[in-house]
Every structure is written in structure tokens, then in C-alpha cells.
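Undergrad: I'll drop the sequence and a predicted model, then ask my questions.
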Amino acid sequence: MCGIVGYTGSSSAAPYLLDGLKRLEYRGYDSAGIAVSDGEKISQARAKGRLQNLCDETNDGKSIVGTCGIGHTRWATHGAPTKSNAHPHMSNDGKFAVVHNGIIENFAELREELISEGFVFHSETDTEVVAHLLEKYYDGDFKRTVLKTINRLEGSYALGIVCIDFPNEVMTVKLASPLIVGVGVGENFFASDVTALISHTRNVMYLDDGEFASITPDKITVYDCMGAEISKKITHINWSMEAAEKGGYDHFMLKEIMEQPNALKATIEPRVKDGKIVLDDVKLGAAELKNIRNIVITACGSAYHAGCVGKYLIEELARIPVQIDVASELRYRNPIIDEHTLLIAVSQSGETADTIASIKECKARGARTLAIVNVVDSTIAKISDDVLYTWAGPEIAVATTKGYTTQVAVFSLLALYFADELGRISEERYKELYNGIRNIPERCQRAIDLNNKVRDLAKKYSPKDSLFFIGRNLDYAACLEASLKLKEISYIHSEAYAAGELKHGTIALIEEGRLVIALACYHDLFDKLMGNIKEVKARGARVLGVAVEGNRKILAEADDTIFIPETDQLLSTIPETIPLQLFAYYVALENGCDIDKPKNLAKSVTVE
Ligand code: M6R
């Protein structure tokens with residue numbers, strides 16, 4: 001996904017911009033560029049492909065002179081990933097350069113208008129209209145020109161703009177796309193993501209939608225959408241650089257897998273106090289819950305899979321009907337939602353476009369909204385009535401790991417909390433699950449200790465073509481995530497199947513040597529699952545089982561088994577997911593894949 005950065009100070013800007021862009025690489029991109037003003041001209045450099053190409057082209061930024069500039073990593077939407085479509089885009093008179101995240105929805109009309117007025121376009125992007133509008137409206141006043149320009153734009157944008165006549169000033173504008181201003185000493189910054197800033201400053205200002213800022217080395221002035229000056233609070237970011245970097249692991253993904261016990265501890269511990277679950281300041285007590293007739297869960301990708309676990313848990317414990325929909329479907333399908341619906345939206349980044357749109361749609365129909373989000377003050381957190389943060393810390397690898405398991409942990413807390421508030425759970429069962437949740441981080445540490453065994457099994461079973469994950473109930477929900485994890489980083493096709501559904505067609509694909517990974521941690525359906533393993537074994541499948549330690553009956557059926565630490569069957573999804581994340585990781589490693597940046601994928605999907 002696109003990333004933007006900006007710098008103004010007394011040092012050479014280009015190396016700062018390239019460093020900021022490097023820290024945004026995890027978002028996924030296919031071209032990059034910078035533009036720097038030296039008071040006489042704006043120098044621009046752009047390159048297709050990896051950021052290294054841009055570094056090579058600019059001698060690591062040394063060949064670009066000037067102390068004020070903007071940079072961009074582009075993930076193609078409007079137009080192919082070419083050098084001419086890469087940002088920054090320049091106005092025809094060379095006075096303005098622009099970088100942009102988001103989509104200008106009315107760009108086609110604007111483009112037509114500008115062409116009819118004689119402006120010449122050099123790219124297929126929606127962004128280029130911004131550069132030409134700036135030229136069109138320029139009257140010597142940078143701020144007024146920006147304001148006139150953004151008044152013409154529809155859609156979503158985080159913009160960075162430099163103007164040759166204002167050599168120390170960068171302007172940045174935010175509407176429905178993330179943007180943060182970094183406050184330094186004698187130098188200031190902006191970026192679409194804190195990871196691009198924290199090596200230079202931890203003091204930041206979050207711009208709200210419609211706001212824009214003029215940034216010079218000594219001053220940051222923020223304006224509202226009418227151009228009136230406003231004051232903004234400075235927030236201190238606690239995330240250390242180390243937390244955002246690999247910390248000795250070969251890949252962010254492996255580091256993030258290993259961080260799960262701590263991430264889960266941070267997510268669970270503050271919410272389990274004196275034998276009770278305490279859900280921050282979420283205002284959903286018995287009175288509000290009695291007004292809720294149904295719950296709708298929405299999300300995309302792995303967050304959707306966490307929601308699938310949530311559905312099982314909430315229905316089982318709180319007995320509230322739950323429907324789950326991927327956000328790209330929910331937003332367009334005229335759902336039956338009213339003021340008696342609770343919408344739970346799940347997102348690691350908090351910026352996923354389809355999830356945001358679904359929340360807006362459901363709110364418009366009267367639903368109450370609760371977000372489960374990792375990034376503080378992200379769009380989803382801001383637009384929801386209540387927020388439960390997953391305290392997973394920054395997640396850099398495109399394939400989510402700790403983001404997903406902390407979401408499942410929040411669903412466990414939520415389901416038990418709902419059950420208790422509604423008086424639908426016995427004291428004894430509440431206590432069992434309460435203690436079970438408290439023990440999750442320790443169980444996950446023990447699941448991580450399986451690392452070497454899983455690495456060996458990944459070598460032994462390393463699939464070359466399609467495989468199946470099968471399971472029932474919560475094991476089936478875990479299969480969905482395990483299958484996605486393997487697909488997205490190793491590019492090996494796999495399917496997650498409800499084990500009882502296999503015989504309705506798919507079993508035709510089970511043949512000699514086909515790998516089937518059978519999840520058998522849901523105790524009540526263990527024997528049924530053993531029956532399904534027998535079915536695939538009879539057709540020649542190789543079976544790798546995942547079961548709870550002590551449940552040795554599986555040894556009679558599976559070729560090999562990963563035993564996870566014992567947990568209540570309603571809580572086993574988290575520890576059982578960890579060896580499957582490791583399995584995906586080691587298979588991808590065997591296959592020489594680019595694990596942290598899998599092909600065609602972006603970390604945060606902020607366009608539809
Ligand atoms: O930031 P979000 O949780 O909203 O992102 C949702 C999906 O794009 C994300 O989970 C995606 O499926 C990951 N690549 C999965 O590893």
C-alpha cells in the first residue's frame with residue numbers, strides 16, 4: 001500500500017526521505033520516488049521496483065540537493081507500476097510536486113477539465129490532477145492555493161506538497177487516509193505511518209480528516225478545512241525503534257510469531273482483574289446488551305478468520321445470534337441491520353477500506369459499533385462507538401500473526417463478558433474460562449517451544465502442490481487461518497475444509513500422497529474428526545495431526561502429530577494456530593519465498 005513521507009530542516013532532505021520510505025517498505029509497493037526543493041528548482045527522482053533502485057539512482061540521496069522534500073512508495077491502483085506513474089507528480093510549470101495516498105474519485109472529470117485548459121498529463125494516475133490544480137489556482141499564496149485545490153477533490157487523500165517559491169515549507173493534507181506529523185527540533189516531518197518517523201522523533205501530531213498543515217523547520221501550523229488555524233496536541237509514541245525492527249530474527253514474521261506470548265499478555269492482563277473481566281471503558285453492560293438482538297461481525301482476511309472464532313465463542317457462551325460477513329460483501333448486500341444490532345468490526349491496521357465502509361453502512365442503519373483494532377487512533381477506532389485495542393504492538397510482516405491471535409484473545413474475553421453480563425453462564429464455568437484465558441500467554445509460550453519440531457515437520461512434509469486443512473467447529477475456524485497463512489507466504493494452494501463436508505465432493509481430490517493437516521483440538525468432536533482422518537487415509541493421504549497433549553488416540557490415525565499444550569477446548573484456537581504459523585513460515589523458507597513481503601500483497605489495504 002502507498003506510503004508518504006516529508007522532511008524540512010537544515011540537513012539534506014533526500015537521505016531522510018529514503019530512510020523514511022525504507023521503513024514503509026513493509027506496506028508493499030511497486031515503485032518509489034522523491035522530490036526535493038533547493039530554493040531554485042525541484043529535483044525529482046523516481047524508480048520502478050524496489051526502493052534500492054531509487055537509492056542507486058540517487059547515490060543514496062546524495063545526488064539530490066535541498067533541505068525540504070517529499071517521498072512516496074506506490075502500490076499501483078490507477079495505472080501500471082511504471083516510472084511515469086510513480087510519485088511525486090509535478091505541475092507543468094515545475095513549481096509544485098505532489099505525493100498522494102488514497103484515491104481522487106472525481107479525477108476523470110478534473111482531468112478532462114484540465115486538459116481542455118491546456119494542461120499536459122504525463123501519467124495515468126489520479127494524483128496528477130492535484131499537481132495541475134495547484135498550478136491553476138496558484139496566486140503566490142501557498143496555503144490559499146492548497147485550500148482551493150483540496151476544495152475541488154473528492155475521495156480520500158493524504159497529500160504532501162512542495163512549492164518552489166516556499167523552499168523550506170511542506171504542506172500536508174489529510175482526508176480519510178492516515179497522516180501523522182512528526183515534531184522535531186529545528187526539523188519537522190510527516191508520514192503516513194509512525195514507523196517512518198520514530199528514528200527521528202517520538203513526538204507526533206495526528207491530523208484529523210479535513211485538516212492540513214504547513215510545516216517549516218521551526219514551525220508547524222495546522223488548519224481546519226476552512227483554513228482557520230487550530231491547535232493540536234502532541235502525542236508521545238512509546239513504540240521503540242527496536243520494537244519496529246527485526247530484533248535479530250531473519251524475518252519480521254518469525255519475530256512477530258515469537259512475540260505472541262507478550263502481545264497476548266499485554267492484551268489480556270489489563271482486562272482480567274480480581275476474578276472478573278473488565279473491558280476498558282466499553283459501554284456494553286447488561287442493559288445495553290438486552291437491547292441487542294443480533295451481532296454482525298465484519299472484517300477482511302485474517303481479521304475475518306478471528307471473527308469466525310468469535311462467532312463460535314459468542315454463540316456458545318452468550319447465546320446471542322451472530323452472523324459474520326467479509327466486509328467487501330457486507331457493504332454491498334443490503335444487510336438486515338437496525339438499532340438492535342451490534343456490529344463488531346475487526347482490523348489490525350484500523351485502515352482497511354472495506355471494513356471502514358461496512359462500519360459506515362451499518363452505522364447509517366442504526367447499528368451500534370464496536371471495533372477490535374491494533375492501531376491506536378486509526379480510522380476504524382475513531383469511527384466506532386466503542387473500541388477494544390489488541391495490544392500487539394507494531395506488526396510489520398504482511399502476513400499477520402500476533403495481530404490475529406490477539407484478536408482471538410479479545411473475542412474470548414468479549415464472549416465470556418457478554419455471557420456473564422447476560423447471566424448465561426454458571427459461576428463455575430466462568431471461573432474455568434477466566435483462568436483459561438489468563439493462562440493463554442503461558443500456553444502460547446509452550447506452543448512456541450515446538451519451533452524445532454515444526455521446522456523438521458515442515459521439511460518432511462513440505463508440500464509441493466495443493467493440500468487440505470480439515471477440522472470441526474473451532475478447529476475449522478483455525479483451519480481457515482492456517483490455510484491463508486500458508487497460501488499467502490508460500491504460494492502453495494491449500495483449502496480449509498469443514499471435515500464433515502469433505503465427503504460432499506472434495507474427497508475426490510484426496511489421492512495417494514496428498515497432504516491433509518487435521519486439527520483435532522476441539523474435544524467434543526475429536527472422535528468424529530478421527531473418522532474423517534480414517535476417510536482420507538483410506539484414499540492414500542498423508543496426515544499431519546494437531547491435537548492437545550495427552551490425547552494419544554490420534555497416534556493410531558495420523559502419520560505425525562503436533563501436540564499443543566492443554567487448554568479448554570473453547571480457547572485452543574490460539575495455541576493451535578502458532579505451530580501452523582511456524583509451519584507456513586518454514587515451508588515458505590524452504591521454497592525461498594520473500595516471506596515478509598509476499599508477492600501481490602500489501603500490509604494495509606486502504607483502497608477498495
Ligand atoms: O488490517 P486488517 O486486519 O484490517 O487487514 C485485513 C486483511 O487485509 C489482513 O488480515 C490480510 O488478510 C493479511 N495479509 C493476512 O495475513
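TA: Alright, I've got the coordinates. Not measured: the values here are computed from a predicted model.
Undergrad: who are the contact partners of the residue of the stretch 151-300 of the chain found nearest the ligand?
TA: Nearest residue of the stretch 151-300 of the chain to the ligand, counting by Cβ to the nearest ligand atom: residue 300, 4.1 Å away. Glycine gets a C-beta too; all of them are placed from N, C-alpha and C. Residues near residue 300 by Cβ atoms under 8 Å, 6 or more residues apart in numbering: 326-328, 347, 352, 354-355, 605.
Undergrad: who wins for most neighbours among the residues you listed?
TA: The most crowded member of the contacts of residue 300, judged by other Cβ atoms under 10 Å, is residue 347 (34 neighbours).
Undergrad: how about it, phi and psi?
TA: Phi and psi for residue 347, reported as degrees, to the nearest 10, are phi -160, psi 130.
Undergrad: equivalent analysis for residue 513, please.
TA: phi 90, psi -10.
Undergrad: which residues does the residue nearest to residue 315 when sequence neighbours are not counted bridge with?
TA: Nearest residue to residue 315 in three dimensions, chain neighbours excluded: residue 322, at 5.3 Å (Cβ to Cβ, 6 or more residues apart in numbering). When bridges are called by DSSP bridges, residue 322 pairs up with residue 295.
Undergrad: pull the contacting residues for residue 322.
TA: So residue 322 contacts 294-297, 310-311, 314-315 (Cβ under 8 Å, 6+ apart).
Undergrad: quick check, nearest of these to residue 47?
TA: Among the contacts of residue 322, residue 297 lies closest to residue 47 (Cβ to Cβ), at 41.6 Å.
Undergrad: next, count neighbours for the closest residue to the ligand within the stretch 251-400 of the chain.
TA: Nearest residue of the stretch 251-400 of the chain to the ligand (Cβ to the nearest ligand atom) works out as residue 301 at 1.9 Å. Residues near residue 301, counting by other Cβ under 10 Å, number 23.
Undergrad: coming back round to it: what about the residue of the stretch 151-300 of the chain closest to the ligand, distance to residue 198?
TA: 27 Å (Cβ to Cβ, to the nearest Å).
Undergrad: also residue 145?
TA: From residue 145 to residue 198 the distance is 32 Å (Cβ to Cβ).
Undergrad: likewise for residue 392?
TA: 17 Å.
Undergrad: next one: residue 5
TA: From residue 5 to residue 198 the distance is 12 Å (Cβ to Cβ).
Undergrad: now do the helix or strand that contains residue 161: which elements does it pack against?
TA: Residue 161 belongs to strand 155-163 when elements are defined using DSSP states H and E. Applying 3 or more Cβ pairs under 8 Å, 6 or more residues apart in numbering; DSSP states H and E, one finds that strand 155-163 contacts strand 3-8, strand 31-37, strand 68-74, strand 96-104, helix 128-137, helix 142-150, strand 170-175.
Undergrad: that one pairs with which strands, parallel or anti?
TA: Applying DSSP bridges, one finds strand 155-163 paired with strand 96-104 (antiparallel), strand 170-175 (antiparallel).
Undergrad: just name the most buried of those.
TA: strand 96-104 (a mean of 28; mean count of other Cβ atoms under 10 Å).
Undergrad: could you export it as PDB, CA atoms only?
TA: Only the C-alpha atoms of strand 96-104 are listed here, as PDB (Å, rounded to 0.1, in the frame of the first residue of the first chain):
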ATOM      1  CA  PHE A  96       4.800  22.100  -7.500                       C
ATOM      2  CA  ALA A  97       5.400  18.400  -6.600                       C
ATOM      3  CA  VAL A  98       2.900  16.200  -5.000                       C
ATOM      4  CA  VAL A  99       2.700  12.800  -3.300                       C
ATOM      5  CA  HIS A 100      -0.600  11.100  -2.500                       C
ATOM      6  CA  ASN A 101      -2.100   8.200  -0.700                       C
ATOM      7  CA  GLY A 102      -5.700   7.300  -1.400                       C
ATOM      8  CA  ILE A 103      -8.000   7.800  -4.400                       C
ATOM      9  CA  ILE A 104      -9.200  11.000  -6.000                       C
END
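Undergrad: angle of it against helix 128-137?
TA: 130 degrees (axes from the mean of the first three to the mean of the last three Cα atoms, to 10 degrees).
Undergrad: report the distance from the next helix or strand after strand 96-104 to the chain centre.
TA: As assigned by DSSP H and E, the chain's next helix or strand after strand 96-104 is helix 107-116. Centroid separation for helix 107-116 versus its chain: 34 Å, with Cα atoms, centre = their mean, to the nearest Å.
Undergrad: other SSEs contacting helix 107-116?
TA: helix 128-137.
Undergrad: what sits up against the helix it packs on?
TA: 89-93, 95-98, 100, 104, 107, 110-111, 114, 117, 119, 121-122, 144-146, 148-149, 152-153, 157, 159, 161, 163.
Undergrad: need the residues of the stretch 251-400 of the chain near the ligand, please.
TA: 300-303, 347-349, 352, 355, 398-400 (Cβ under 6 Å from any ligand atom).
Undergrad: same thing but at 8 Å, please
TA: Within the stretch 251-400 of the chain, the residues that sit near the ligand (Cβ under 8 Å from any ligand atom) are 299-305, 346-352, 355, 374, 380, 398-400.
Undergrad: which of the residues you listed fall within strands?
TA: Among these, the subset assigned to strands under DSSP state E consists of 299, 346-347.
Undergrad: of these, closest to residue 279?
TA: Using Cβ to Cβ, those come closest to residue 279 at residue 346, 15.3 Å.
Undergrad: separation between the closest one and residue 311?
TA: Distance from residue 346 to residue 311, by Cβ to Cβ: 11 Å.
Undergrad: who is residue 542 paired with across the strands?
TA: residue 515.
Undergrad: so it makes contact with residue 559?
TA: Yes: applying Cβ atoms under 8 Å, one finds residue 542 in contact with residue 559, separated by 5.4 Å.
Undergrad: neighbour-wise, which of these two wins?
TA: residue 542 (19 against 16).
Undergrad: contacting residues for the closest residue in space to residue 341 that isn't next to it in sequence?
TA: The spatial neighbour of residue 341 that comes closest, neighbours along the chain excluded (Cβ to Cβ, 6+ apart), is residue 367 at 4.3 Å. Residue 367 sits next to 296, 337-339, 341-343 when contact means Cβ under 8 Å, 6+ apart.
Undergrad: can you do 6 Å?
TA: 337, 341, 343 (Cβ atoms under 6 Å, 6 or more residues apart in numbering).
Undergrad: next one: residue 420
TA: residue 430.
Undergrad: helix or strand for it, which one?
TA: Per DSSP H and E: helix 402-421 holds residue 420.
Undergrad: again, but for residue 60
TA: Counting by DSSP H and E, residue 60 is found in no helix or strand.
Undergrad: what residues does the helix or strand just after the helix holding residue 420 touch?
TA: As assigned by DSSP H and E, the chain's next helix or strand after helix 402-421 is helix 427-438. Residues outside helix 427-438 that contact it (Cβ under 6 Å, 6+ apart): 268, 272, 412, 416, 420, 568, 571.
Undergrad: same thing with stretch 479-490?
TA: Against stretch 479-490 from outside (Cβ under 6 Å, 6+ apart): 302, 305, 308, 399, 469, 471, 494, 496, 519, 580-581, 584, 587-588, 591, 593, 595, 598.
Undergrad: before we move on, back to that, looking at residue 392 and residue 198, which is more packed in?
TA: More crowded of residue 392 and residue 198, by other Cβ under 10 Å: residue 392, with 26 against 21.
Undergrad: can you list the residues of the chain near the ligand?
TA: 299-305, 346-352, 355, 374, 380, 398-401, 403-404, 407, 484-485, 488, 598, 601-605.
Undergrad: drop anything exposed from those.
TA: Buried subset of the residues of the chain next to the ligand (neighbour count, 16 or more other Cβ atoms under 10 Å): 299-305, 346-352, 355, 374, 380, 398-401, 403-404, 407, 484-485, 488, 598, 602-605.
Undergrad: what comes up buried for stretch 499-517?
TA: 499, 502, 507, 510, 514-517.
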